[in-house]
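predicted coordinates and the sequence they were generated for:
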Amino acid sequence: MIPARFIHLTTLPTTPSGKINRNALPQPHNNRPELHHTYTPPRTELEHTITTIWTELLNINNIGIHDNFFALGGHSLLAIRTTTRLQETTGM
């Protein structure tokens, strides 16, 4: 398993006993990662529906129409959930 997001830390927060303090670790942001394509917003209703589903499942803001699901952190199980949600939403 490869993490979907990485956060660079200069030092890890520790407890007084020297263990890693997991509660003090920063939460990952849900901004769009730097990709090869610039952000292009959805133009049609279907594109808007797909990007809305991806935003909810991937927890990333500003997903564009040229973005790659897997480059954004998607994996096979989320792809199945995406397909199911798309079928429920559009009836396709």
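Yep, that arrived.

P26 - nearest residue in space that isn't next to it in sequence?
I7 (6.0 Å; Cβ to Cβ, 6 or more residues apart in numbering). C-beta: built from backbone N, CA, C; applies to glycine.

just the pLDDT for S76.
Looking at S76, its pLDDT stands at 91.

quick one: it from F69, how far?
10 Å (Cβ to Cβ, to the nearest Å).

next: I20.
On the measure of Cβ to Cβ, I20 and F69 end up 32 Å apart.

which of those two has more neighbours?
Neighbour totals were compared for I20 and F69, and F69 leads with 16 against 11 (other Cβ atoms under 10 Å).

could you pull up phi and psi at I20?
Dihedral pair for I20: phi -70, psi 130, per degrees, to the nearest 10.

ok, it touching P13?
Yes: using Cβ atoms under 8 Å, I20 is in contact with P13, at 7.1 Å.

and the helices in this protein?
For the chain, the helices defined by DSSP state H cover 45-58, 76-90.

and the shortest one, what does it pack against?
Think helix 45-58. Judged by 3 or more Cβ pairs under 8 Å, 6 or more residues apart in numbering; DSSP states H and E, the packing partners of helix 45-58 are helix 76-90.

orientation of the helix it packs on relative to helix 45-58 in degrees?
With axes from the mean of the first three to the mean of the last three Cα atoms, to 10 degrees as the basis, helix 76-90 and helix 45-58 are set at 140 degrees to each other.

buried sites along helix 76-90?
78, 82, 85-86 (16 or more other Cβ atoms under 10 Å).

relative to T52, which of the residues you listed is nearest.
Closest to T52 out of the buried residues of helix 76-90 is R85 (9.4 Å), distances taken as Cβ to Cβ.

please name the residues that touch the most centrally placed residue in the chain.
Central residue of the chain (Cα atoms, centre = their mean): L58, 3.2 Å from the mean position. Contacts here follow Cβ atoms under 8 Å, 6 or more residues apart in numbering; on that basis L58 touches 4, 69, 72-74, 78.
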